[in-house]
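Participant: Kindly return the folded structure for what I paste below:
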Amino acid sequence: MRALHSTLHFDRIYDATPARLFEAFESVEARSRWGVPGDQRLTYEAADFRVGGVDVCRCGDPGALDHRVETRYLDIVPGVRIVSSEIADHLDRRLGCSLNTALISPVPGGARLQLTIQIAAIDPEVTQGYEHGWTACLDLLADELRYSKEHP
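Facilitator: I've put the predicted structure just below:
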């Protein structure tokens, strides 16, 4: 089967400083809350947020965390940029790989996140899954930032 290539772009404004938005990516506890759609669960087997570091997480339906995602951090500039590669598997089947670039910049009253995900999908449904998943997660990120602002 051939790989299918696609690029997703997300552009969001958050009611948070660029530093606080960056912290929501840096903190494994925060990512555990906002990094998976609400009906799913996420657990980290390894978390090493630094250039060259690798995160390994399992996610999926509660009681069946049969998706494995390995993230390798390629470039990190605190409060400005995170570039990572990602490999996604379901059970013993490779779903796809991606290059993820998160750009963070200040805007009046908050921070802008420009997220670009370049996907090489082995399974044709993977791109839709990435789009659905990231849309839901970025909505949850807004909730995470709002909660952390109200409960410092």
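
Participant: Leaving aside the residues adjacent along the chain, what's closest to Arg146?
Facilitator: Nearest residue to Arg146, sequence neighbours excluded (CB to CB, 6 or more residues apart in numbering): Asp15, at 6.7 Å. Glycine gets a C-beta too; all of them are placed from N, C-alpha and C.

Participant: and if you look at Leu141?
Facilitator: Using CB to CB, 6+ apart, the nearest residue to Leu141 is Trp34, at 4.6 Å.

Participant: re the thing from before, need phi/psi at the residue nearest to Arg146.
Facilitator: In terms of degrees, to the nearest 10, the main-chain angles of Asp15 are phi -80, psi 70.

Participant: can you check Leu145 too?
Facilitator: Torsion angles, degrees, to the nearest 10, at Leu145: phi -70, psi -40.

Participant: any idea how far the residue nearest to the spatial centre of the chain is from Val83?
Facilitator: In the chain, the centroid-proximal residue (CA atoms, centre = their mean) is Gly35; its distance is 5.9 Å. Distance of Gly35 to Val83, computed by CB to CB, to the nearest Å: 17 Å.

Participant: wait, the residue nearest to the centre of the chain sits on Cys137?
Facilitator: Yes: contact criterion CB atoms under 8 Å: Gly35 and Cys137 qualify, at 5.7 Å.

Participant: quick revisit: test for you: state the pLDDT assigned to the residue nearest to Leu141.
Facilitator: Note on Trp34: pLDDT of 94.

Participant: show me where this structure has strands.
Facilitator: 4-14, 41-46, 54-61, 64-77, 81-90, 93-107, 110-121 (DSSP state E).

Participant: Adding mean neighbour count and mean pLDDT, write those out as TSV.
Facilitator: Output for the strands of the chain, formatted as TSV (neighbours: other CB atoms under 10 Å; pLDDT from 0 to 100):
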stretch	mean neighbour count	mean pLDDT
strand 4-14	14	96
strand 41-46	14	94
strand 54-61	17	93
strand 64-77	16	95
strand 81-90	18	96
strand 93-107	17	96
strand 110-121	18	97
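
Participant: could you dump these to TSV with distance to Leu145?
Facilitator: Below are the strands of the chain laid out as TSV (distance: least, CB to CB, whole Å):
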stretch	distance to Leu145
strand 4-14	5
strand 41-46	18
strand 54-61	20
strand 64-77	19
strand 81-90	16
strand 93-107	12
strand 110-121	9
